[in-house]
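**Student:** With the input below, show me the fold.
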Amino acid sequence: MEDQLKEHCSSHPKPLPLEIALAVIVNREPNCPHIIKLLDWQDDPDYYLIVMERPVPSMDLRKFLKCSGGVINEQITQYIMWQAIYAANFCCYRGVFHRDIKLQNVLVNPTTLEIKLIDFGCGDLIKDSGYGAYYGTKPYFPPEYFDRRRYHAKPVTVYSLGLLLFTMLHGRFPTAKELYCLDNNQSAFAVSKNACFLWACQQRHPDCRIPLEQMVYHDWFVLGFPNRLPIN
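**Tutor:** Model prediction:
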């Protein structure tokens, strides 16, 4: 992946900021419809400018959650999650670790419910050796970072997506007790039995989580689609 980054930066007169380089890599054709497009960038002596796609209409998922009364029903959550998982898989396929999947970094079109994953400012290239430092939003930090100060891209992405799912369904982050219950498959929430998908994402040990590549094949999606989405 480092070679890939060098290839994209070779035509640039000075080192390309990592955020821009990651966006360039992930936006190569064929690109993903659920990832924000990088349109242009410009270097200045003291800063750089990034020109991104601006979907209209759109709002971030946190605002969408608020406008939906604090929670999102399971059917709409399912559709949003499927797109977010697709985008996360696409990033990893391209060798890019987003590292900051959260409500504020998912744009939602309130009319069509189509989403765009944005902001690669905390991202990095995927490394088989893993990472020691964490750059992201603290409530989304994975347990293995606190346990061992070491983590890997795909299991962390799965954990972040699980937190995203829980927050959409419940309007808040899970408590320590709820995380313990999820880790032990003991939680009973007011959603369908197929939302045991949460259990597969929120396991404390990264090796016990569902693999990122298998998330879209979970029964919650396979048995739940196609549904007529309540788009207003």
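
**Student:** my read: residue 132 touches residue 149, true?
**Tutor:** Yes. With contact defined as CB atoms under 8 Å, residue 132 and residue 149 form a contacting pair (5.9 Å). All C-beta atoms are positioned from the backbone trio N, CA, C, and that covers glycine.

**Student:** Just list the residues touching residue 37, thanks.
**Tutor:** 27, 31, 52-53 (CB atoms under 8 Å, 6 or more residues apart in numbering).

**Student:** If we use 6 Å, what do you get?
**Tutor:** Taking CB atoms under 6 Å, 6 or more residues apart in numbering as the definition of contact, the neighbours of residue 37 are 27, 53.

**Student:** Return the list of helices and strands in contact with the top helix by length along the chain.
**Tutor:** If you go by DSSP state H, the chain has its longest helix at helix 74-93. Counting contacts by 3 or more CB pairs under 6 Å, 6 or more residues apart in numbering; DSSP states H and E, helix 74-93 is packed against strand 115-117, helix 153-170.

**Student:** Could you break the protein into its assigned domains?
**Tutor:** If the domains of the chain are taken from automatic domain parsing, they occupy 2-52, 59-222, with pieces of a single domain joined by a plus sign.

**Student:** In JSON lines, list those domains along with mean pLDDT.
**Tutor:** Output for the domains of the chain, formatted as JSON lines (pLDDT from 0 to 100):
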{"stretch": "domain 2-52", "mean pLDDT": "81"}
{"stretch": "domain 59-222", "mean pLDDT": "90"}
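
**Student:** out of those domains, deepest packed?
**Tutor:** Mean neighbour count (mean count of other CB atoms under 10 Å) peaks for domain 59-222 among the domains of the chain, with a mean of 18.

**Student:** can you tell me the distance between the two ends of it?
**Tutor:** Between the opening and closing residues of domain 59-222 there is a gap of 28 Å (CA to CA, to the nearest Å).

**Student:** if we can go back for a sec, quick check: next helix or strand after the longest helix of the chain?
**Tutor:** Downstream of helix 74-93, the first helix or strand assigned by DSSP states H and E is strand 96-97.

**Student:** helix or strand right after that following strand?
**Tutor:** Reading on from strand 96-97 to the C-terminus, the next helix or strand found by DSSP H and E is strand 106-108.

**Student:** And the residue nearest the centre of the chain, how far from residue 160?
**Tutor:** Closest to where the C-alpha atoms of the chain average out (CA atoms, centre = their mean) is residue 101, at 3.6 Å. Residue 101 sits 4 Å away from residue 160, taking CB to CB, to the nearest Å as the criterion.

**Student:** Okay, helices next: where are they in the protein?
**Tutor:** In the chain, the segments counted as helices under DSSP H are 2-9, 18-26, 61-67, 74-93, 143-148, 153-170, 176-183, 197-201, 219-222.
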